[in-house]
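Undergrad: Sequence unavailable; structure follows:
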């Protein structure tokens, strides 16, 4: 099991960043590797289950483990075939904007493949 931590800072208000995180319908707008999200919830909560569809039509199942609205922190597990990832997201207030941190746990090869698209998505998320 490997761990990868990515960070991004930008001018978006942290409240807006958090709202984009907890609203699955918003995910494709800032995460270009996501084409669609199939979920029966307007907002994520612990126990929310669904699927993320990539640009290439590959579907990954997910389960949200926890959401902390006060600390702007949420955790989910993603499964694509035999690959299992756990992703920890956090938003923080910064002078002039916000910062977000993503920590991913999973197989090293999967983390290496996902690092570039994830870094790009985080930058778009905090840019607004």
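TA: Thanks, I have the structure now. Because the structure is a prediction, the values reported are computed rather than measured. Residues are numbered from 1 along each chain as shown.
Undergrad: how about the longest strand seen in the chain: buried residues?
TA: Determined from DSSP state E, the single longest strand within the chain is strand 83-94. Using 16 or more other Cβ atoms under 10 Å as the test for burial, strand 83-94 gives 85, 87-91. All C-beta atoms are positioned from the backbone trio N, CA, C, and that covers glycine.
Undergrad: got it, and stretch 93-110?
TA: Going by neighbour count (16+ other Cβ under 10 Å), the buried part of stretch 93-110 is 97-100, 102, 104, 106, 110.
Undergrad: Can you pull out the residues in contact with it?
TA: With contact meaning Cβ atoms under 8 Å, 6 or more residues apart in numbering, stretch 93-110 is reached by 1-14, 16-17, 83-92, 111, 114, 118, 122, 125-126.
Undergrad: From the opening residue of stretch 73-92 to its closing one, how far?
TA: Taking Cα to Cα, to the nearest Å as the measure, stretch 73-92 stretches 9 Å from start to finish.
Undergrad: so for that stretch, what's the average pLDDT?
TA: Across stretch 73-92, pLDDT averages out at 98.
Undergrad: Check the offset of that stretch from the chain's centre.
TA: From the chain centre to the centre of stretch 73-92 is a distance of 7 Å (Cα atoms, centre = their mean, to the nearest Å).
Undergrad: Show me what it is in contact with.
TA: So stretch 73-92 is contacted by 14, 17-18, 21-22, 44, 52, 58-68, 71-72, 98-107, 110-111, 114 (Cβ under 8 Å, 6+ apart).
Undergrad: Do me a favour and get the backbone dihedrals for the closest residue to residue 33 other than its chain neighbours.
TA: Among residues not flanking residue 33 along the chain, residue 117 sits closest, at 4.3 Å (Cβ to Cβ, 6 or more residues apart in numbering). Per-residue torsions, residue 117: phi -60, psi -40 (degrees, to the nearest 10).
Undergrad: same question, residue 12
TA: Backbone torsions of residue 12, given as degrees, to the nearest 10, read phi -60, psi 140.
Undergrad: Now for it, how many residues are close by?
TA: Neighbour count for residue 12, taken as other Cβ atoms under 10 Å: 20.
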